[in-house]
Every structure is written in structure tokens, then in C-alpha cells.
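Enquirer: Would you be able to build a 3D model of this:
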Amino acid sequence: MQWSRVKTIFIVILLMVDGFLFINIAGKYVSGYYRKAENAHNITEILAGRGISVGRSFELPSAEALPVLQIDRSRTDEDHFAHGLLGETAERTESADGSDTVRYESERGVVEWKEGGVVSATFTPVDYVQPQTADEVKALAQELVGQAGLGTALVWQADAQSASASFPTAGVPVFNRVLTITFDADGVKIGGMWTFGMPYITKSGNYVTFAAADALFTLLARETPTEIDRMELGFLLSDTGGGRVQMTPGWRIDTNTGSFFVDSLKKSSISL
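Expert: Numbers count the residues shown, from 1 in each chain. From the prediction side, this is the model:
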């Protein structure tokens, strides 16, 4: 047999194999797409039967596995944060009631860190002038958190009076890890929850897969909205004691009666 004919046969075989694989993969993709569309349609029909509508842009998200994470409280980073806002002369005092509250105070103002990463601050920066526009608010907020050591890889939202900063973990948002910076005529206020350092998994295989439909009906067993607008997978911070914060995966569900977080571990919902 001539070598050219052998090569032709090999090429034809390879093309047939590639074609078979392509058809198989494409079939699975199309099947998955239609199955997802059918599930979303069924959910919409069930909700409609309960008198609940869905927003025009609502989509039923796919479930993804997320780990249950832990973060240790960093007193060093809290020190840097406070001193960056109040100056290096700020005095540090710890609560005597066992609450693990740390207070920093200088002539510029006060910063307090509490368990669970809860922070509050009221201070007047050097040469402070109240910003007047959303762009000015965002620029000054970025400058202040930079002085506090929070870096630049943050997600920002701003209006003419306040700005909020957050950042994702594992590619999804942490719904209550947000700092809100408000600019008044006399000074600045900061409030919210924050964490420093890298989160970690305490035991292997500690991943949770929680279907969006299950989260939706968990919420509806407790709440009575008449419209579902949006669902998003992410984490929620919660204090576990001992200077440790847990990041629990779950779903944020936005409705006409408010936003709720459905916990993937407890199968319960709380208002955000």
C-alpha cells in the first residue's frame, strides 16, 4: 500500500474521531442549555402559581461549589488602618469587658475595631475639605483607604455624599464585607465590616453546592415577596469567636421587599 494512501486513511480516521467528539460535546452543551432553560421556565411557572412574578432580567443561576472559609483577625492590620487615618500618635486601648473591642484615639478622631471585623470611625483628615461631587467623593475615599493600607484592588460605588468599597473572594462577592465612607461638613465617618489577609479552609473537602432553586424556596418558606428580581452566589461574614471570622457560601436574593441571604449550611435566610 502506498504511503500517501495510508496518510489519507489516517487523516480521514482522525477527522471522523474529531467530528464524533465535536458532535458529542455540542450535544451535551445543547442538552444542558435546554435543561437549564426548562428548569428556569418551570420555576417561573411555580412562582406564578404562588402569585410571585420575576424581574425582566431575572435568570436562574447555575449552582457552583464554594468552600467554607475562615479568616483570622489581624490586630497588626487593624493598627495600620487606625494609624493611617488618625496618625501615628493615636493611642490604643483595649476594652476591659472581654468584648475584644480595640479603640484608637488622637486629635483627629476615633477608630474602633470589634469582633467579627466590625469597624467604625469618626475623624477629620488633615486640611479636610468636604467633597461636592461623586468623583471628588470617590477620589478622597480612595486616598483615605490607601492611607489606611487597604490597597487599590477594590470595587467602588459613589454618590455625592458617600462611597463604598468591597472586594470579591474566590471570584464571588462577600455581601457584608463593605466599608461605607461618608463625608460630612465637619469630617468623615467610616462604618462596616472588613477582613485582612488570606482566608483558608480548615478541613479538606469542605465545599458546598447549593442549588439556586433550593435557596429560592428556602426563602419563600419564610418570606412573602411578590417579585424576585435577582440571585447571586457569594459569601457572608459571621463571627465565630476566638478572633476568627467565617465566610459562609450562599445566595443573595433581591426581592421587592428587600434583599436576603440564604445560608447554604443552615438553610436559613437573613435580611441584608
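
Enquirer: now the strands for the stretch 151-272 of the chain?
Expert: Per DSSP state E, counting those that start in this stretch, the stretch 151-272 of the chain carries strands over the ranges 155-158, 162-166, 179-183, 188-193, 207-209, 227-241, 244-255, 258-263, 269-271.

Enquirer: With respect to G116, which of those strands lies nearest?
Expert: strand 227-241 (3.2 Å; CB to CB). The C-beta positions use only the backbone N, C-alpha and C, and glycine is treated the same way.

Enquirer: Quick one: distance of the closest one to the chain centre.
Expert: 7 Å (CA atoms, centre = their mean, to the nearest Å).

Enquirer: residue ranges for the helices of the stretch 1-150 of the chain, please.
Expert: Secondary structure of the stretch 1-150 of the chain (DSSP state H, counting those that start in this stretch): helices located at 3-49, 75-86, 134-147.

Enquirer: Which residues belonging to the last one are considered buried?
Expert: Read it as helix 134-147. Using 16 or more other CB atoms under 10 Å as the test for burial, helix 134-147 gives V137, K138, L140, A141, Q142, L144, V145.

Enquirer: Please apply the same query to the second one.
Expert: The neighbour-count criterion (16+ other CB under 10 Å) identifies D77, E78, D79, H80, F81, A82, H83, G84, L85, L86 as the buried residues of helix 75-86.

Enquirer: is it true that the last one touches R92?
Expert: Right, the one you point to is L86. No - contact criterion CB atoms under 8 Å: L86 and R92 do not qualify, at 10.0 Å.

Enquirer: Give the burial count for the nearest residue to I228 once chain neighbours are set aside, as a bare number.
Expert: Nearest residue to I228, sequence neighbours excluded (CB to CB, 6 or more residues apart in numbering): V54, at 5.1 Å. Neighbour count of V54, defined by other CB atoms under 10 Å: 17.
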